[in-house]
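Enquirer: Predicted structure and sequence below. I'll ask about it afterward.
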Amino acid sequence: MVTTFSADRLAELRDEDADFVLLDTRPADSYDAWHIPEAVNFPFDPDAELDGRLEELRDVVGDTERVITVCAKGLSSGNLATRLESATDEYDVATVDGGMKGWSGVYDHVAVDVGGDLTVVQLQRRAKGCLGYVVGCAATGEAVVVDPTADTDEYAVAAEEAGLTVAGVIDTHVHADHVSGGRNLADDLAVPYYLGERASDRDVKYEYTPLERNEVLEVGEREIKALFAPGHTSEMIDLLVDDRALLTADTLHVDSTGRTELEFSDDEGQRGARLLYETLHRTILAEPESVVVLPGHVTVTADGEFEHGAPGQAIRTTIRDARTEIDLLGLEENEFVDRMADAGEKPSNYEEIIECNRGVRELPPEERVELELGPNNCSA
């Protein structure tokens with residue numbers, strides 16, 4: 001019988017540098033758009049036969065003793081694994097339960113050292129590069145969760161592992177690349193759910209506690225200040241924590257900025273780009289150069305790799321390094337606006353995801369996962 005294991009176990013094997021070939025059985029176009037690092041493609045249908053293709057498969061996997069198969073949901077990969085095991089005993093064969101859907105739910109919990117009596121855990125979603133946070137006071141054990149995905153158990157576990165109790169949940173904006181778990185997590189924990197005060201302009205349908213410009217939220221002995229940061233969206237807030245760390249969401253990433261045309265689509269993002277330019281230069285870059293920048297995303301390439309850093313390593317920069325290393329920040333305003341007009345392919349199903357996050361559309365978990373499959377594409 002073919003061995004089946006979870007996507008989390010696959011991540012562990014990759015981190016251990018285990019010797020295997022990962023065989024992706026999805027169609028070539030799906031594989032080309034987005035796949036797990038180092039996977040090779042061998043398209044195979046859920047009801048296909050292996051007859052006549054064994055030599056082709058040997059050529060694809062090369063000199064290996066272990067083959068692990070993966071597909072979108074586990075159907076075609078399971079079929080191939082079963083037929084391969086029946087056809088030959090030259091490989092140790094296994095398949096990934098849930099396929100790419102399962103891979104989309106793999107997280108790393110990474111402690112970020114920003115100094116002081118402050119606990120910061122960065123939750124990294126490997127497949128999409130979403131970065132959420134648990135930010136807490138080490139002295140009192142009180143914490144807030146920032147920008148959680150719909151996999152809310154990950155955030156509850158991360159807080160518990162850090163010895164923290166969640167007292168509030170904050171979404172920095174109405175996300176376009178993934179379904180937020182913010183209000184569900186807040187409801188589950190019976191704690192306040194926060195958005196920026198201008199979320200009302202986005203016609204958000206569910207209840208939330210508005211954070212006003214420069215409002216300070218006390219978390220134990222720590223202070224979180226809400227900075228109004230429009231550009232990626234009109235209601236965006238960034239969060240300055242104890243003047244040590246700045247959670248920049250999709251305002252500023254470690255190697256780029258957020259894109260501006262997902263909400264501001266009427267003029268190809270020009271209004272958003274001018275708002276973002278002002279936010280970056282008058283708000284973000286006005287902070288002390290030593291402030292640690294903690295973004296809301298890291299770009300994941302089509303090959304499934306983080307474009308900056310690696311899973312399990314803190315994705316961070318500083319105001320100083322952002323100023324000197326990100327080319328976009330050195331442009332004059334009109335150049336910046338022109339550059340932002342060509343932000344590349346939009347996130348998959350972003351309009352439907354925005355509707356979910358505004359509370360005008362409800363989705364069962366299975367449909368939510370389908371909407372989110374693929375890269376985040378939130379960087380400019």
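Expert: In hand now; what should we look at?
Enquirer: Domain ranges for the protein, per the record?
Expert: What automatic domain parsing lists as the domains of the chain is 3-102, 104-372.
Enquirer: which residue sits farthest out from the middle of the protein?
Expert: Gly52 (40.6 Å; C-alpha atoms, centre = their mean).
Enquirer: can you tell me the helix or strand for it?
Expert: For Gly52, there is no host helix or strand (DSSP states H and E).
Enquirer: Neighbours of Glu325, how many?
Expert: 13 (other C-beta atoms under 10 Å). Placement of C-beta: from N, CA and C, glycine included.
Enquirer: Between the two ends of stretch 13-20, what distance do you get?
Expert: Using C-alpha to C-alpha, to the nearest Å, the span of stretch 13-20 from its first residue to its last is 9 Å.
Enquirer: How about residues contacting that stretch?
Expert: The contact list for stretch 13-20 (C-beta atoms under 8 Å, 6 or more residues apart in numbering) reads 37-38, 64-68, 311-312.
Enquirer: measure the residue farthest from the centre of the chain to Pro27 for me?
Expert: Between Gly52 and Pro27 the distance is 19 Å, computed by C-beta to C-beta, to the nearest Å.
Enquirer: So Leu371: helix, strand or coil?
Expert: Secondary structure for Leu371, judged by DSSP: H, G, I helix; E, B strand; the rest coil, is helix.
Enquirer: What residues does it make contact with?
Expert: If a contact means C-beta under 8 Å, 6+ apart, then Leu371 has 179, 348-349, 352-353, 356, 363 as its contacts.
Enquirer: where does the closest residue to it other than its chain neighbours land on pLDDT?
Expert: In space, not counting the residues next to it along the chain, Leu371 is nearest to Asn349; the distance is 4.6 Å by C-beta to C-beta, 6 or more residues apart in numbering. In this prediction, Asn349 carries a pLDDT score of 85.
Enquirer: returning to what we had before: mind giving me the ChimeraX select for the contacts of Leu371, buried ones only?
Expert: In ChimeraX, this line selects whichever of those come out buried by 16 or more other C-beta atoms under 10 Å:
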select :179,348,349,352,353,356,363
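Enquirer: Just the contacts of Leu371: which are in helices?
Expert: When DSSP state H is applied, the contacts of Leu371 are split such that 352-353, 356 fall in helices.
Enquirer: Between those, which sits nearest Leu275?
Expert: Distance ranking of the ones in helices among the contacts of Leu371 against Leu275, using C-beta to C-beta, places Ile353 first at 21.5 Å.
Enquirer: Identify all residues paired with the residue nearest the centre of the chain through a beta bridge.
Expert: Per C-alpha atoms, centre = their mean, the C-alpha nearest to the average position across the chain is that of Cys130, at 1.1 Å. Beta-bridge pairing of Cys130 under DSSP bridges involves His297.
Enquirer: Please list all residues in contact with it.
Expert: Applying C-beta under 8 Å, 6+ apart, the residues contacting Cys130 are 124, 147, 149, 177-178, 296-297, 376.
Enquirer: so how far is Arg361 from it?
Expert: 20 Å.
Enquirer: again, but for Glu56
Expert: For Glu56, the distance to Arg361 (C-beta to C-beta) stands at 44 Å.
Enquirer: Same question for Val204.
Expert: Distance, Val204 to Arg361, using C-beta to C-beta: 12 Å.
Enquirer: where does Glu160 land on pLDDT?
Expert: We note a pLDDT of 97 for Glu160 in this prediction.
Enquirer: Look at Gly196 and say how many residues are nearby.
Expert: When neighbours are counted by other C-beta under 10 Å, Gly196 registers 30.
Enquirer: now Ala286
Expert: 10.
Enquirer: more crowded one of Glu56 and Arg361?
Expert: Neighbour totals were compared for Glu56 and Arg361, and Arg361 leads with 15 against 10 (other C-beta under 10 Å).
Enquirer: Mind checking what secondary structure the more buried one has?
Expert: Under the three-state scheme (three-state DSSP), the conformation of Arg361 reads as coil.
Enquirer: Send me the lowest-mean-pLDDT helix or strand in the chain as CSV with only the CA atoms.
Expert: When the helices and strands of the chain are scored by mean pLDDT, DSSP states H and E, helix 365-372 comes last with a mean of 75. Presented in CSV, the C-alpha positions along helix 365-372 are these (Å, rounded to 0.1, in the frame of the first residue of the first chain):
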residue,chain,number,x,y,z
PRO,A,365,-13.9,26.2,3.9
GLU,A,366,-13.4,24.1,0.8
GLU,A,367,-14.3,26.9,-1.5
ARG,A,368,-12.1,29.3,0.4
VAL,A,369,-9.1,27.1,-0.1
GLU,A,370,-9.9,26.9,-3.9
LEU,A,371,-10.0,30.7,-4.1
GLU,A,372,-6.7,31.1,-2.4
